[in-house]
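Novice: my questions are about this predicted structure, shown below with the sequence.
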Amino acid sequence: MMDYQALGELIRNSDNIVFFGGAGTSTESGIPDFRSADGLYNADTGVNVPPEEILSRDFFFAHTEDFYKFYKEHLIHPHAKPHPGHEALVHLERQGKLKAIITQNIDGLHQMAGSTNVLELHGSVHRNYCLDCRRFHSLDEVMASEGLVPRCECGGMVKPDVVLYQEGLDMQLLDRAVNYIREADVLIVAGTSLTVQPAASLVRYYLGGRFFLINKSSTPYDSFADYVITDSFAKVMPILAGVSD
Ligand SMILES: [Zn+2]
């Protein structure tokens with residue numbers, strides 16, 4: 001049994017903590033990793049289209065209805081609420097200790113919990129834009145659209161501000177993430193196996209000696225971390241942040 005109180009002290013003694021999270025930080029809010037979802041059965045080809053292909057730029061423009069069918073069913077979770085792990089990070093940010101949250105998730109749970117400096121590497125389902133006039137559309141508007149495909153007042157098609165396969169990441173945002181990680185005193189990585197880019201290469205910028213890896217199962221990067229915590233993020237993070245014991 002690891003001494004979470006002692007590990008928490010190592011974290012709370014710092015005023016330059018950076019958090020990096022993946023899908024596993026949202027699963028305890030009831031949001032499954034979309035990779036676990038079944039694809040869409042394509043009547044024309046008779047084959048099942050895997051999620052990775054549906055969530056690609058080409059597929060979005062070629063089969064917009066099918067894209068939105070999958071997207072609304074598997075990527076939108078209107079009833080998901082932040083859990084104590086998210087709240088613990090809010091606490092650390094308000095104390096001035098946590099400088100940034102870098103996330104691969106698009107669900108907005110960190111902001112819903114109250115965190116302010118959140119770098120969403122893959123975008124957010126809460127931001128949507130008309131491809132013609134660029135007008136902003138909320139998630140509610142997207143979900144309330146008449147057909148499967150949300151349309152703007154101008155007649156244009158609305159696209160989520162989510163980074164699809166075949167699309168590049170926002171390089172400015174990535175640069176900011178690198179800077180936060182490079183200058184961090186404590187790096188907490190949670191809910192990611194670190195096998196997917198850019199996660200794997202991002203954490204390599206960390207130069208300090210307090211790299212905490214919180215994941216329910218072991219990862220190929222366990223040996224790279226200074227402290228490996230194989231446990232639930234929602235349970236452990238509040239203890240580490242000193243808001244529960
Ligand atoms: Zn428009």
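Specialist: The structure has been received and is ready for your questions. Numbers count the residues shown, from 1 in each chain.
Novice: residues contacting the strand of greatest length in the chain, please?
Specialist: If you go by DSSP state E, the chain has its longest strand at strand 123-130. For strand 123-130, the surrounding residues in contact (Cβ atoms under 8 Å, 6 or more residues apart in numbering) are 75-76, 106-108, 111, 135-139, 141-142, 150, 152, 154, 156-163. Just so you know, the C-beta spots here come from the backbone N, C-alpha and C atoms, and that holds for glycine as well.
Novice: so R204: helix, strand or coil?
Specialist: Secondary structure, DSSP: H, G, I helix; E, B strand; the rest coil: R204 is helix.
Novice: now swap in the one 3 residues further on and tell me
Specialist: For L207, the assignment made with three-state DSSP gives coil.
Novice: ok, G85 next?
Specialist: Per three-state DSSP, G85 ends up helix.
Novice: now do the contacts for the closest residue in space to E52 that isn't next to it in sequence.
Specialist: Excluding the flanking residues, the one nearest E52 by Cβ to Cβ, 6 or more residues apart in numbering is Y165, at 6.0 Å. Counting by Cβ under 8 Å, 6+ apart, Y165 touches E52, E53, L55, S56, R57.
Novice: number of nearby residues for the first one?
Specialist: Look at E52: counted by other Cβ atoms under 10 Å, it has 12 neighbours.
Novice: from Y227, how far off is it?
Specialist: Look at E52 and Y227: by Cβ to Cβ, to the nearest Å, they are 32 Å apart.
Novice: the helix or strand of the chain with the lowest mean pLDDT pairs with which strands?
Specialist: The helix or strand of the chain with the lowest confidence, counting by mean pLDDT, DSSP states H and E, is strand 40-41 at a mean of 78. Next to strand 40-41 in the sheet, as set by DSSP bridges, lie strand 48-49 (antiparallel).
Novice: what average pLDDT does the partner strand get?
Specialist: Average pLDDT, strand 48-49: 89.
Novice: now swap in stretch 127-144 and tell me
Specialist: Per-residue scores along stretch 127-144 average to 97.
Novice: what does the chain put close to the ion?
Specialist: C130, D132, C133, R135, C152, C154, G156 (Cβ under 5 Å from the ion).
Novice: what's downstream of the longest helix along the chain, the next helix or strand?
Specialist: Ranked by residue count under DSSP state H, the longest helix found in the chain is helix 171-183. Sequence order places strand 186-190 as the next helix or strand after helix 171-183, per DSSP states H and E.
Novice: tell me the angle that following strand makes with helix 171-183.
Specialist: 120 degrees (axes from the mean of the first three to the mean of the last three Cα atoms, to 10 degrees).
Novice: list the contacts of strand 186-190.
Specialist: With Cβ under 8 Å, 6+ apart as the criterion, strand 186-190 contacts 10-11, 14, 16-22, 24-25, 85, 181, 199, 203, 206, 208, 210-215, 225, 233, 237, 240.
Novice: go through the residues you listed and flag which are in helices.
Specialist: Reading helices off the contacts of strand 186-190 with DSSP H, I get L10, I11, G24, T25, G85, I181, A199, F233, M237, L240.
Novice: quick one: buried ones out of those residues?
Specialist: Among the ones in helices among the contacts of strand 186-190, the ones that count as buried by 16 or more other Cβ atoms under 10 Å are I11, G24, T25, G85, I181, A199, F233, M237, L240.
Novice: in contact with the third one, which residues?
Specialist: When you say that, I think you mean T25. G85, H86, T103, N105, L109, A190, G191, F233.
Novice: so what's the second one closest to, chain neighbours aside?
Specialist: Spatially, and ignoring its direct neighbours in sequence, H86 is nearest to A113 (3.8 Å; Cβ to Cβ, 6+ apart).
Novice: I'd assumed L92 was in contact with the one you found.
Specialist: No. Counting by Cβ atoms under 8 Å, A113 does not reach L92; the two are 11.7 Å apart.
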